[in-house]
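[1] starting from these lines, generate the structure:
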Amino acid sequence: MSKLAETIKRNPAIGWLFLLVVVAVVFVLGLLAAAITERRAETATLFNNKKVEITERFDSHNDKWGENYPREYNTWMQTQKMDFKSKYLGNAPEDVLESRPNMVVLWAGYAFSRDYSAPRGHWYTLIDMRRSLRTGAPGAPGATNDKDLQPGTCWTCKSPDVPRVMSEKGKGTSDAQMRAGAAEYYKDKWSAFGAEIVNPLGCADCHNPATMDLAINRPALKEVFERRGEGKVKFAAEGPNPLSFENAEAGWNVDNASPQDKRSLVCAQCHVEYFFKGDGKYLTFPWDKGFTVEDMEKYYDTLLDTEGKPYKDWVHALSKTPMLKAQHPDYELWLLGTHGKRGVSCADCHMPYKSEGGIKYTNHQIMSPLQNIAGTCQTCHRDSEEKLKSYVYDNQDKVNEIRDRVEPELAKAHIMVKALLDANAATDDELKNIRQLIREAGWRWDYGVASHGASFHAPVETARILARALDKSLLAQLELQKLCDAKGVKVAFPPLTKKGENPNWNKATAQAYIGLKMDVLRADKEKFIAEILPAWLKKAQDEGKLTDKNVIADNAKPENNKLTEKGDK
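    Below you'll find the predicted structure:
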């Protein structure tokens, strides 16, 4: 300070300049403080002057919440939009099996071989599920397949009505009561909740209405972290800590996570790998041994059935291999990627903040960051929009290059086993190690493609997983070729190409190849949509469980009462 005083004494102009800088800084800080105070005051006023009092812990009426929080509700309503398409994904309908018919062969014997469409916005969670061929046609008069194809568990991530039903069955909202209610809910039939699960994914899925804090409103996420932490409440003494891969590995109590952590954890209630455990179809996250694809595989391999064999999701219709089906391990891959390791939350990129009339709020139009690069990527990165897109597409191109290699090669392995079985040329003992390779390859392929954002969230890890899938597929083929040569079995392969590459290979020919009777399945589903679904929705409206006029109107639209897939033309 003495040197500064001497400098000012020699040159008073420097003193005046220094004073002006200090005044300017104080002025700017004052404006910032005033803006923050004003926003907090306006937000508090909004919260304290609610138009409707929401007293039920799991009030599933999104329109009711919308009266209190119109900005958030209006942006949530925009999840109806289907106006964005990036190089590989978007929010518009896309029949993935039509684009990639080899996936039909890879899922032979599983419901996904019937119908698999790219996801649309949260607005469509129920509409698309009810129309999907994967849920069957329960109760449809005259239907060939009129039984439940899925358990009640299948609704779990589709609606805020789910935690409401769990709490009703458990007779309360405590963790113990929710888990008791969940156990009853999981083991019921999918069709049992047709008139109960009627509001699309919304407010009560992620918020506590009393405080509007983010909340974990389904048991499975809490349960897996408790198992990993052996029931210890890690944050009890320390208070909330930032989430990192390391302390997630150690196990902790998610209720005590920080608000920033919860901006990812509420998503992790659903955007994860999971399975339906036991006869009660209890929703379970397989993270007990860790978060990598290998860790989860080890977990599944330790779950033995009554015959002492590892857990399987289904037996492949062609190769008779006991297979694992990945769901959508978005959270797990995000943890392993650059953004997850640096504490960037799901909401930071998919639900960026907006400002309107002095109010800062979260944009609830959950969407790809590429749809709003200025509001997402460029809040941290200083590259141009074109460069940022090119970085993403570069990663996606490389990951999809490996995927394009895996799918036909893995399909060939299944087909080669079928050729040996059809010729009665191989025993189960001879095929045991080969089927293990196929199971491991299928699990890795499915894990790499089921997470729609994998090539962005963790491109290196996703490429590694798919490369291992390719490796194991080719190793299986080598062993199979030895068997085929030794037994004199010739294998005839279908074209196994992507859409448009061969006129003799598309979704329809692939489904016929694995023995699906698609005309029957579609006819049954159309009967269900025409005769069962309207009765479900009417009952829900009559009982006051469905009141949102926008949802009711959308349910009635002709395009939302057609199958999610129409077959190749």
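
[2] can you give me the distance of the closest residue to Thr135 other than its chain neighbours to Gln378?
    Of all residues not flanking Thr135 in the chain, Gln150 sits nearest, at 5.4 Å (CB to CB, 6 or more residues apart in numbering). For glycine as for every other residue, the C-beta is placed from the backbone atoms N, C-alpha and C. When CB to CB, to the nearest Å is the yardstick, Gln150 and Gln378 sit 42 Å from each other.

[3] neighbour count: those two, which is higher?
    Gln150 (19 against 15; other CB atoms under 10 Å).

[4] for the more buried one, give me the pLDDT.
    The predicted local distance difference test score for Gln150 is 94.

[5] okay but it is in contact with Ser132, surely?
    No. In this structure Gln150 lies outside contact range of Ser132 using CB atoms under 8 Å: 9.6 Å.

[6] what about dumping the CA coordinates of stretch 551-569 to CSV?
    Extracted as CSV, the C-alpha positions of stretch 551-569 are listed here (Å, rounded to 0.1, in the frame of the first residue of the first chain):
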residue,chain,number,x,y,z
VAL,A,551,-53.8,-34.2,-21.8
ILE,A,552,-57.4,-35.2,-22.4
ALA,A,553,-57.5,-33.4,-25.7
ASP,A,554,-54.2,-35.0,-26.8
ASN,A,555,-55.4,-38.5,-25.8
ALA,A,556,-58.3,-38.1,-28.2
LYS,A,557,-56.2,-37.1,-31.3
PRO,A,558,-56.4,-39.8,-34.0
GLU,A,559,-52.6,-39.8,-34.4
ASN,A,560,-52.3,-40.8,-30.7
ASN,A,561,-54.6,-43.7,-31.2
LYS,A,562,-52.6,-45.6,-33.7
LEU,A,563,-49.8,-48.1,-33.3
THR,A,564,-46.4,-46.7,-32.5
GLU,A,565,-45.2,-48.6,-35.6
LYS,A,566,-47.0,-49.2,-38.9
GLY,A,567,-44.7,-51.8,-40.6
ASP,A,568,-42.7,-51.3,-43.7
LYS,A,569,-44.6,-50.1,-46.7
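
[7] distance between that stretch and the chain's centre?
    Between the mean C-alpha location of stretch 551-569 and the chain-wide mean there is a distance of 22 Å, by CA atoms, centre = their mean, to the nearest Å.

[8] what do you get for stretch 129-146?
    What separates the centre of stretch 129-146 from the centre of its chain is 24 Å, taken as CA atoms, centre = their mean.

[9] what are the phi and psi angles of Tyr361?
    When quoted as degrees, to the nearest 10, the phi and psi of Tyr361 stand at phi -150, psi 170.

[10] oops, could you answer that again for His364 instead?
    With angles defined as degrees, to the nearest 10, His364 shows backbone torsions of phi -90, psi 10.

[11] now swap in Val315 and tell me
    Val315 adopts backbone torsions of phi -100, psi 130, taken as degrees, to the nearest 10.

[12] and if you look at the one 10 residues further on?
    The phi and psi torsions at Lys325 (degrees, to the nearest 10) take the values phi -110, psi 120.

[13] in the sheet, who's paired with Trp314?
    Trp314 has the following beta-bridge partners by DSSP bridges: Met323.

[14] which residues does it contact?
    With contact taken as CB atoms under 8 Å, 6 or more residues apart in numbering, Trp314 is in contact with Gly109, Tyr110, Pro322, Met323, Lys325.

[15] for the nearest residue to the last one once chain neighbours are set aside, report the pLDDT, please.
    Taking CB to CB, 6+ apart as the measure, Lys325 lies nearest to Asp313, with 4.0 Å between them; neighbours along the chain are not counted. The pLDDT attached to Asp313 in the predicted structure is 97.

[16] what's the spacing between Asp313 and Thr302?
    Using CB to CB, Asp313 is found at 16 Å from Thr302.

[17] which of the two has more neighbours?
    For Asp313 against Thr302, the residue with the higher neighbour count under other CB under 10 Å is Asp313, and the figures read 17 against 11.

[18] before we move on, back to that, ranking the contacts of Trp314 by neighbours, who comes first?
    That'd be Met323 among the contacts of Trp314, by other CB under 10 Å, with 23 neighbours.

[19] neighbours of Leu303, how many?
    Other residues close to Leu303 by other CB under 10 Å number 15.

[20] again, but for Met212
    If you count neighbours by other CB under 10 Å, Met212 ends up with 18.

[21] cool, Val293 as well?
    Val293 has 25 nearby residues by other CB under 10 Å.

[22] next one: the closest residue to it other than its chain neighbours, what pLDDT does it get?
    Counting by CB to CB, 6+ apart, Val293 lies nearest to Tyr447, which is 4.9 Å off, once chain neighbours are set aside. On the pLDDT scale, Tyr447 is placed at 98.

[23] I'd say Gln365 and Gln80 touch.
    No. Counting by CB under 8 Å, Gln80 is not a contact partner of Gln365; they are 9.3 Å apart.

[24] of the two, which one has the most company?
    Legend: neighbour count by other CB under 10 Å for Gln365 and Gln80, higher for Gln365 (24 against 17).

[25] so that one belongs to a strand, correct?
    No. Counting by DSSP: H, G, I helix; E, B strand; the rest coil, Gln365 is located in no strand; its state is coil.

[26] tell me, what's the model's pLDDT at it?
    The predicted local distance difference test score for Gln365 is 95.

[27] for the one 3 residues further on, same thing?
    According to the per-residue confidence, Ser368 scores 93 in pLDDT.

[28] what are the phi and psi values at it?
    Here is the backbone geometry of Ser368 (degrees, to the nearest 10): phi -70, psi 140.

[29] burial measure for it, as a count.
    Here the count is done by other CB under 10 Å, and Ser368 has 20 residues near it.

[30] that one contacts Lys87, correct?
    No. The pair Ser368 and Lys87 does not pass the contact test of CB under 8 Å, sitting 10.9 Å apart.

[31] which SS class is Lys354?
    The three-state label given to Lys354 by three-state DSSP is strand.

[32] do you know the pLDDT at the residue lying closest to Pro408 once chain neighbours are set aside?
    Counting by CB to CB, 6+ apart, Leu496 is the residue found nearest to Pro408 once chain neighbours are left out, at 4.2 Å. With respect to pLDDT, Leu496 scores 96.

[33] pretty sure Leu496 contacts Val105?
    Yes. In this structure, Leu496 sits in contact with Val105. The criterion is CB under 8 Å, and the distance is 7.5 Å.

[34] neighbour-wise, which of the two wins?
    In this comparison of Leu496 against Val105, neighbours counted by other CB under 10 Å, the higher total goes to Val105 at 24 against 19.

[35] that one: which element?
    Assigned by DSSP states H and E, Val105 falls within helix 102-106.

[36] show me the contacts for Thr173.
    Listed by CB under 8 Å, 6+ apart, the contact partners of Thr173 are Arg57, Phe58, Ser167.

[37] you'd agree the second one is in a strand?
    What that stands for is Phe58. No. If the criterion is three-state DSSP, then Phe58 is coil and not within a strand.

[38] run a quick neighbour tally on it.
    Taking other CB under 10 Å as the definition, Phe58 ends up with a neighbour count of 21.

[39] spatially nearest residue to it, not counting backbone neighbours?
    Counting by CB to CB, 6+ apart, the nearest residue to Phe58 once its immediate chain neighbours are dropped is Arg164, at 4.1 Å.

[40] same check, this time on the last one
    Using CB to CB, 6+ apart and skipping the chain neighbours, the partner closest in space to Ser167 is Thr173 (5.0 Å).

[41] look up how far Ala192 lies from that neighbour.
    As defined by CB to CB, Thr173 lies at a distance of 22 Å from Ala192.

[42] and Gly357, by the same measure?
    Taking CB to CB as the criterion, Gly357 is separated from Ala192 by 45 Å.

[43] give me the more crowded residue out of these two.
    Neighbours were counted for Gly357 and for Ala192 using other CB under 10 Å; Ala192 has more, 16 against 6.

[44] if I look at the more buried one, how far off is Leu201?
    To Leu201, Ala192 is 20 Å away according to CB to CB.

[45] and what of Gln177?
    Between Gln177 and Leu201 the distance is 23 Å, computed by CB to CB.
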